[in-house]
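**Student:** structure, please.
(one chain, ligands or ions: 1)
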Amino acid sequence: MQKLLSKARQAINDFDMIQENDKIAVGLSGGKDSLTLLHILKNYQKFSPQAFELIAITLNPGGVDNSPLYKLCKDLEIPFYEVQTDIKEIVFDIRKEKNPCSLCANLRRGALNDNAKKLGCNKVALGHHKDDAIETFLMSMLYEGRVNCFSPKTHMDRQDLTIIRPMIYIDEYMTKKAARDFDYPIIKNPCPADGKTNRQDIKELVSKLNKEIPGSKKNIFGALNNSDRLFIWDKEKIK
Ligand SMILES: Nc1ncnc2c1ncn2[C@@H]1O[C@H](COP(=O)(O)OP(=O)(O)OP(=O)(O)O)[C@@H](O)[C@H]1O
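**Tutor:** Sure thing, here's the model as predicted:
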């Protein structure tokens with residue numbers, strides 16, 4: 001936990017993620033990443049220079065038994081809210097999406113933010129980690145032809161809500177280890193597309209690249225973190 005906490009604290013400080021009196025909703029999917037995030041923030045709360053409130057929100061896409069999450073949050077003394085949604089039905093039965101991930105992510109994001117706002121939160125914390133950032137950065141280049149990634153902290157003006165990602169410096173292997181060490185009650189991902197996504201392909205590619213070019217994963221993350229050294233052909237500046 002100490003190593004996780006130290007990396008999270010570094011990210012929280014670097015991007016000024018938490019302020020006094022924040023009420024933060026953790027998006028708790030029941031997967032290893034958001035369970036680790038909840039555990040980290042609960043511990044961070046004990047010594048954070050800024051006092052903040054923590055709640056957990058789980059969106060049920062339809063038909064998932066989340067009772068282990070109720071128990072966990074009760075043990076951790078974190079208020080827990082489960083929200084029933086029809087996301088699964090919309091994505092797979094009504095819209096019959098061939099590429100369901102982006103619609104599903106948008107619907108989840110909207111529902112999570114709306115519910116956080118209703119519950120009086122000014123921040124939503126998501127369980128994205130360093131590997132997610134590297135994969136998203138590469139996916140935007142390879143599939144969309146642009147240099148882009150989610151931000152460690154984003155303010156949504158329309159809702160006046162700030163999204164934070166305190167695990168942005170944490171490697172995925174550390175969340176896997178935390179899930180084993182602390183025996184988190186993992187809820188099996190109900191998504192029929194789980195494991196067959198573009199993200200999974202990119203994850204495998206990054207792992208292969210890192211074996212062939214040792215250090216390349218670290219350098220991709222470095223490139224994302226180094227806005228001073230961003231050089232992109234800008235016709236107006238170059239000509
Ligand atoms: N059903 C949900 N309810 C609440 N929050 C969610 C839900 N699904 C995703 N989130 C939030 O969005 C983040 C990113 O979602 P994504 O589907 O990429 O999860 P993931 O990388 O598989 O992480 P996890 O291991 O936490 O499921 C999650 O870490 C979590 O904070």
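**Student:** near the ligand, anything from the lowest-mean-pLDDT helix or strand in the chain?
**Tutor:** Here the helix or strand of the chain ranked lowest by mean pLDDT, DSSP states H and E is helix 87-88, holding a mean of 78. No - Helix 87-88 is not in contact with the ligand by Cβ under 6 Å from any ligand atom; minimum separation 8.1 Å. Using the backbone N, CA and C atoms, a C-beta is placed for each residue, glycine as well.
**Student:** downstream of that helix, the next helix or strand is which one?
**Tutor:** As assigned by DSSP states H and E, the chain's next helix or strand after helix 87-88 is helix 100-118.
**Student:** and that following helix, what does it pack onto?
**Tutor:** strand 22-27, strand 52-60, strand 80-84, helix 87-88, strand 123-125, strand 161-164 (3 or more Cβ pairs under 8 Å, 6 or more residues apart in numbering; DSSP states H and E).
**Student:** that older thread, centre of the chain to the least confident helix or strand of the chain, how far?
**Tutor:** Computed by Cα atoms, centre = their mean, to the nearest Å, the separation of helix 87-88 from the middle of its chain amounts to 19 Å.
**Student:** what does it contact?
**Tutor:** Contacts to helix 87-88, defined as Cβ atoms under 8 Å, 6 or more residues apart in numbering, come from residues 59, 61, 62, 63, 104, 107, 108, 111, 190.
**Student:** and for stretch 227-239, what's in contact with it?
**Tutor:** The contact list for stretch 227-239, computed with Cβ under 8 Å, 6+ apart, reads 147, 223.
**Student:** and if we set it to 7 Å?
**Tutor:** residue 147 (Cβ atoms under 7 Å, 6 or more residues apart in numbering).
**Student:** can you give me how far that stretch is from the chain middle?
**Tutor:** Distance, centroid of stretch 227-239 to centroid of chain: 30 Å (Cα atoms, centre = their mean).
**Student:** only C-alpha atoms, please: export that stretch in CSV.
**Tutor:** In CSV, the C-alpha atoms belonging to stretch 227-239 read as follows (Å, rounded to 0.1, in the frame of the first residue of the first chain):
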residue,chain,number,x,y,z
SER,A,227,4.8,18.9,-23.4
ASP,A,228,7.9,21.1,-23.6
ARG,A,229,9.4,18.7,-26.1
LEU,A,230,6.3,18.1,-28.2
PHE,A,231,7.2,18.8,-31.8
ILE,A,232,4.4,18.5,-34.3
TRP,A,233,4.5,19.8,-37.8
ASP,A,234,2.7,23.1,-37.7
LYS,A,235,2.6,24.5,-41.2
GLU,A,236,2.0,28.1,-40.0
LYS,A,237,5.0,28.1,-37.7
ILE,A,238,7.4,26.2,-40.1
LYS,A,239,6.8,28.1,-43.4
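**Student:** state the mean pLDDT of it.
**Tutor:** For stretch 227-239, mean pLDDT is 85.
**Student:** likewise for stretch 176-193?
**Tutor:** Averaging pLDDT along stretch 176-193 yields 88.
**Student:** right, is it up against the ligand?
**Tutor:** No - for a cut-off given as Cβ under 6 Å from any ligand atom, stretch 176-193 has no contacts with the ligand; the smallest distance is 6.7 Å.
**Student:** need the helices and strands packed on helix 100-118 in a markdown table (columns: mean neighbour count).
**Tutor:** As requested, these are exported to a markdown table (neighbours: other Cβ atoms under 10 Å):
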| stretch | mean neighbour count |
| --- | --- |
| strand 22-27 | 23 |
| strand 52-60 | 20 |
| strand 80-84 | 15 |
| helix 87-88 | 20 |
| strand 123-125 | 25 |
| strand 161-164 | 22 |
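**Student:** what residues does this protein put near the ligand?
**Tutor:** Counting by Cβ under 6 Å from any ligand atom, the chain sits next to the ligand at 27-29, 31-34, 57-59, 108, 112, 126-128, 132.
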